[in-house]
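Peer 1: Pasting a predicted model and its sequence here:
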Amino acid sequence: MSLPDTYEIQGRNVSLPAVVRDASSGTAMYMVDAGAAQHLVPEAFEVVEAAPGQTQVTLIIVDYRDNDLGDYDEVGIVFFVRPAGKPDAELGSYIYKLPVNQSFTCEAGCKIWGFPKSVEDLEFQYTENSASCKLTMSGQHVLTLTVPRGGDGESADSAATGYTLIEGVPHQNEFVRGGTGEQTIPGGEGVVLELGDHPLADELRALGLPTATPLLSAWTEHMRGSFGKSEKA
């Protein structure tokens, strides 16, 4: 059965692709133990080793300002995976957790793409040279991620693959992104990751965070993109 191109969410229609017209995003990427990461990924997918016994995890903070799914904030915990038993399949991202602070995007993300969204307390703060986001769940501090802000780089629109589960079935979807006001900084300079007392923070500690040095950080002042239709992987 093919998935629809238009969905009704809370009395509104969302047509695909869903377009992001303006957002700011920051990332910090870490190298962590592949076995520990696999414990957080469904059996339908296997983490991709970037070095023997090691895989990458990326923490993402996004401040969406103009988006078909609304004006909201988001934190993502992302692993790089392939469908299990398919070594020739395309490398893609698997989002382990995707807290947001608005109910509309939460319902849309879960229903349309199988994203693991939940409505939580997120707080963005900006300085001239940095951006940070604090995530609180069930009244407990999960994490605060601060990344360097700035840059004058620009990237053309490019496509990437994401993997999710929809009703337990592996699916893949295409996300197209580009942006202006970009920078990428190798190493951990300017990145500060604080973990709180929520169980999710303990899961990140089990990966070796926050003591691991980031491989890189990235910032996009004005990100644009679109989320396409999901298909069975």
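Peer 2: Yes, it's here.
Peer 1: Which element, helix or strand, includes the spatially most central residue of the chain?
Peer 2: Most central in the chain under C-alpha atoms, centre = their mean is residue 76, positioned 3.5 Å from the mean C-alpha point. Under the assignment given by DSSP states H and E, the secondary-structure element containing residue 76 is strand 72-83.
Peer 1: from memory residue 7 sits against residue 14, does it?
Peer 2: Yes. Counting by C-beta atoms under 8 Å, a contact exists between residue 7 and residue 14, whose distance comes to 5.0 Å. All C-beta atoms are positioned from the backbone trio N, CA, C, and that covers glycine.
Peer 1: Overlap in contacts, these two.
Peer 2: Common contacts of residue 7 and residue 14, defined by C-beta atoms under 8 Å, 6 or more residues apart in numbering, comprise 108, 112.
Peer 1: and those two? which has more neighbours close in?
Peer 2: Taking other C-beta atoms under 10 Å, residue 7 and residue 14 do not tie; residue 14 has more neighbours (20 against 16).
Peer 1: so that one sits in a strand?
Peer 2: Yes. Following the definition DSSP: H, G, I helix; E, B strand; the rest coil, residue 14 is counted among the residues of a strand.
Peer 1: What pairs with the least confident helix or strand in the chain by mean pLDDT, parallel or antiparallel?
Peer 2: Of all regular secondary-structure elements in the chain, judged by mean pLDDT, DSSP states H and E, the least confident is strand 231-232 with a mean of 92. According to DSSP bridges, the neighbouring strands of strand 231-232, each with its direction, are strand 169-186 (antiparallel).
Peer 1: would you put the C-alpha positions of the partner strand in CSV?
Peer 2: Extracted as CSV, the C-alpha positions of strand 169-186 are listed here (Å, rounded to 0.1, in the frame of the first residue of the first chain):
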residue,chain,number,x,y,z
VAL,A,169,8.3,-1.5,9.1
PRO,A,170,11.6,0.1,7.9
HIS,A,171,11.1,3.1,5.7
GLN,A,172,13.4,5.6,4.1
ASN,A,173,12.8,9.2,3.2
GLU,A,174,14.7,12.0,1.4
PHE,A,175,15.6,15.3,3.0
VAL,A,176,16.9,18.1,0.9
ARG,A,177,18.8,20.9,2.6
GLY,A,178,20.9,23.9,1.8
GLY,A,179,21.8,27.1,3.6
THR,A,180,23.7,30.3,4.0
GLY,A,181,25.7,31.7,6.9
GLU,A,182,27.5,28.4,7.4
GLN,A,183,30.6,27.2,9.2
THR,A,184,32.2,23.9,10.1
ILE,A,185,34.9,23.7,12.8
PRO,A,186,37.0,20.5,13.2
